[in-house]
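Novice: I'd like to go over a predicted model; first the sequence, then the structure.
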Amino acid sequence: MNTALKAIDVSADLPALMTELVKGARAAARVLALAPPEQKNAALAAIERAIRANAQKILAANAEDVAEARAGGTTSAFLDRLTLTQARVDAMADGVATVREIADPVGAVTESWQRPNGMTIERVRVPLGVIGVIFESRPNVAADAGVLCLKSGNAVILRGGSDSFRSCRAIHECLVQGLREAGLPEAAIMLVPTRDRAAVGLMLSGMNGGIDVIVPRGGKSLVARVEAEARVPVFAHLEGVNHVYIDASANPDMAKSIVLNAKMRRTGVCGAAEALLVDRAAAATQLKPLVSMLIDAGCEVRGDAAVQNADARVKPASDEDWGTEYLDAIIAARVVDGVDGAISYIQNHGSRHTDAIVTEDARAAEKFLNQVDSAIVLHNASTQFADGGEFGFGAEIGIATGKFHARGPVGAEQLTSFKYRVHGTGQTRP
């Protein structure tokens with residue numbers, strides 16, 4: 001047990017335990033908000049070293065979690081999200097290194113102007129305070145959230161899923177080691193030390209003002225519960241019902257490459273494509289190669305009549321398929337009437353997460369990028385780039401699909417708010 005929890009009785013009743021966690025995080029947040037960039041970066045460097053040095057310990061803990069989940073009969077897509085490999089641990093450490101190298105957002109003056117009376121006003125980035133992160137299955141979220149909150153001067157309380165409990169503990173020990181080596185309070189990154197689901201409800205209550213923001217990272221049911229029960233602001237990460245639209249002018253080889261990657265690279269991530277839309281004007285040449293390619297790669301295709309006619313192996317799509325996040329090797333496919341038809345369909349069936357167009361027509365691309373109201377829109381690129389690491393953020397705490405404060409990948413900068421600093425020379429208001 002790390003020293004941040006030594007003074008906390010983990011056998012105490014849950015409300016008392018959570019109160020102590022929040023109290024420690026609150027005190028740590030005040031220290032972290034004023035910590036110089038060099039000290040935070042020293043902690044991040046130590047965290048990176050600890051993750052690399054303890055890779056086998058992390059993998060051993062994860063193997064226990066995976067074995068328990070497999071014995072419980074969980075899905076292959078869930079197991080993929082839960083499983084850590086050496087490459088994924090290396091990527092986790094690489095992400096910490098990238099976060100260390102990005103500019104420190106705290107204290108950055110984003111705008112400055114002078115009033116006619118001589119006063120100077122500055123808008124300055126400041127931390128949010130204490131962030132509660134509630135996540136499921138993917139243990140790497142513990143590292144991503146921990147280091148992003150550290151970089152942005154926020155304390156964080158992590159509540160991972162019971163399925164990744166051992167993995168998260170092993171990763172959390174590395175985070176705490178980094179804080180300790182840099183002389184920062186270990187309570188700056190807390191992990192709820194119990195699988196009791198009631199801890200989620202307590203976090204959503206805001207703990208009497210102890211938690212400033214909640215970030216849910218998980219399935220539709222978790223996010224729905226958070227949005228229904230939270231008494232503090234939420235960075236909503238809704239389901240990723242993502243589309244790839246193949247326009248009439250799309251390069252056929254590019255279309256195949258992007259569609260295959262968008263769906264099959266990792267089917268269980270939120271950036272995976274869940275629907276394929278093909279321009280009716282291109283259906284005669286593009287539809288069969290795309291559908292057959294997906295099926296040959298092991299993907300089940302559920303389609304409309306045109307898609308079924310393209311390949312006898314296509315299953316008929318039901319009404320529920322239009323707008324479903326499968327997180328598995330399943331995709332819905334249909335023909336639409338040009339870019340306008342694609343935009344209209346996405347508006348009615350998408351989740352405003354990530355959508356892509358494949359086209360050589362600059363006007364069609366511009367129209368799609370301007371009119372599709374999603375957090376991330378791409379031209380001639382896979383939806384699997386919906387990731388903070390791929391945006392250069394090092395990591396992400398989630399993909400925000402709402403429109404307030406933060407949208408898209410939530411990195412260190414998005415975990416800050418701002419205040420105004422006003423410099424005067426004795427001015428009084430008439």
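Specialist: Cool, the structure landed. Because the structure is a prediction, the values reported are computed rather than measured. Numbering: from 1, shown residues only.

Novice: Any idea how many residues pack against residue 263?
Specialist: 28 (other C-beta atoms under 10 Å). No exception for glycine: its C-beta is placed from N, CA and C like everyone else's.

Novice: For it, which residues are in contact?
Specialist: Under the criterion of C-beta atoms under 8 Å, 6 or more residues apart in numbering, the neighbours of residue 263 are 244, 272, 273, 276, 294, 299, 329, 331.

Novice: Tell me the secondary structure at it.
Specialist: Here residue 263 is helix, with the state taken from DSSP: H, G, I helix; E, B strand; the rest coil.

Novice: pLDDT score assigned to it?
Specialist: At residue 263, the model reports a pLDDT of 98.

Novice: and what of the one 10 residues further on?
Specialist: Confidence per residue is given as pLDDT, and for residue 273 that number is 97.

Novice: Tell me how many other residues crowd the closest residue to it other than its chain neighbours.
Specialist: Spatially, and ignoring its direct neighbours in sequence, residue 273 is nearest to residue 262 (3.7 Å; C-beta to C-beta, 6 or more residues apart in numbering). The local packing of residue 262 (other C-beta under 10 Å) involves 27 other residues.

Novice: where's residue 262 relative to residue 272, distance?
Specialist: As defined by C-beta to C-beta, to the nearest Å, residue 262 lies at a distance of 7 Å from residue 272.

Novice: Return every residue with contacts to both of the two.
Specialist: Listed contacts common to residue 262 and residue 272 are 242, 383, 384; contacts here mean C-beta under 8 Å, 6+ apart.

Novice: Can I take it that the last one is in a helix?
Specialist: Yes. According to three-state DSSP, the state of residue 384 is that of a helix.

Novice: what residues are up against it?
Specialist: Neighbours of residue 384 in contact, by C-beta under 8 Å, 6+ apart: 261, 262, 265, 266, 269, 271, 272.

Novice: what does the first one give?
Specialist: By C-beta under 8 Å, 6+ apart, residue 242 lies in contact with 262, 271-275, 350-351, 353-356, 383, 386.

Novice: measure it to residue 354 for me?
Specialist: Going from residue 242 to residue 354 by C-beta to C-beta gives 5 Å.

Novice: Quick one: the helices in the chain, in order.
Specialist: 14-34, 37-53, 55-71, 76-82, 86-101, 140-151, 165-181, 198-204, 220-229, 252-264, 288-296, 305-310, 338-349, 362-371 (DSSP state H).

Novice: for the ones you listed, which one ends up most surrounded?
Specialist: Mean neighbour count (mean count of other C-beta atoms under 10 Å) peaks for helix 140-151 among the helices of the chain, with a mean of 28.

Novice: And this protein, split by domain according to the record?
Specialist: Structurally, the chain divides into domains by automatic domain parsing as follows: 3-235+410-422, 242-385.

Novice: Residue 425 against residue 120, yeah?
Specialist: No. Using C-beta atoms under 8 Å, residue 425 is not in contact with residue 120; the gap is 9.4 Å.

Novice: Which of those two has more residues huddled nearby?
Specialist: More crowded of residue 425 and residue 120, by other C-beta under 10 Å: residue 120, with 13 against 8.

Novice: So which bits of stretch 231-250 are buried?
Specialist: Neighbour counts using 16 or more other C-beta atoms under 10 Å place 232, 234-250 of stretch 231-250 among the buried residues.

Novice: now do stretch 148-164
Specialist: Those buried within stretch 148-164 under the rule 16+ other C-beta under 10 Å are 148-161, 163-164.

Novice: just for the chain, where's the confidence low?
Specialist: For the chain, applying pLDDT under 70 flags the ranges 1-12, 237-238.

Novice: about what we covered before: could the domains of the chain be laid out in JSON lines, adding distance to residue 397?
Specialist: Listed next are the domains of the chain as JSON lines, based on distance: least, C-beta to C-beta, whole Å:
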{"stretch": "domain 3-235+410-422", "distance to residue 397": "5"}
{"stretch": "domain 242-385", "distance to residue 397": "13"}
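
Novice: Next, give phi and psi for residue 195.
Specialist: Backbone geometry at residue 195, expressed as degrees, to the nearest 10, gives phi -90, psi 0.

Novice: quick one, what contacts it?
Specialist: 162, 165.

Novice: And it, how close does it get to residue 163?
Specialist: According to C-beta to C-beta, residue 195 stands 9 Å off from residue 163.

Novice: Who does residue 155 form a beta bridge with?
Specialist: Beta bridges link residue 155 to residue 130, judged by DSSP bridges.

Novice: right, and it touches residue 26 too?
Specialist: Yes. Using C-beta under 8 Å, residue 155 is in contact with residue 26, at 7.2 Å.

Novice: Touching both of those two, which residues are there?
Specialist: Shared contacts of residue 155 and residue 26 (C-beta under 8 Å, 6+ apart): 129, 130.

Novice: returning to what we had before: max pairwise distance over the buried residues of stretch 148-164: which two?
Specialist: Checked with C-beta to C-beta, the buried residues of stretch 148-164 reach their widest spread between 153 and 163, with 30.7 Å between them.

Novice: Buried ones among the contacts of residue 384?
Specialist: 261, 262, 269, 271, 272.

Novice: Find the nearest non-adjacent residue to the first one, please.
Specialist: To tie it back to what came earlier, the one meant is residue 261. residue 382 (4.4 Å).

Novice: Just give the number of residues close to that neighbour.
Specialist: By other C-beta under 10 Å, 23 other residues sit near residue 382.

Novice: show me what contacts it?
Specialist: By C-beta under 8 Å, 6+ apart, the residues touching residue 382 are 258, 261, 262, 265, 273, 356.

Novice: before we move on, back to that, what's the closest of the buried residues of stretch 148-164 to residue 408?
Specialist: Distances from residue 408 to the buried residues of stretch 148-164, taken as C-beta to C-beta, are shortest for residue 148 (14.1 Å).

Novice: That closest one and residue 137, how far apart?
Specialist: If you measure residue 148 against residue 137 using C-beta to C-beta, the figure is 19 Å.

Novice: Could you do residue 86 as well?
Specialist: Shown here: residue 86 relative to residue 137, a distance of 19 Å by C-beta to C-beta.

Novice: what's the answer for residue 354, then?
Specialist: Between residue 354 and residue 137 the distance is 20 Å, computed by C-beta to C-beta.

Novice: could I get the contacts of residue 382 as CSV with distance to residue 98?
Specialist: Shown next, in CSV, are the contacts of residue 382 (distance: C-beta to C-beta, whole Å):
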residue, distance to residue 98
258, 25
261, 22
262, 24
265, 20
273, 26
356, 24
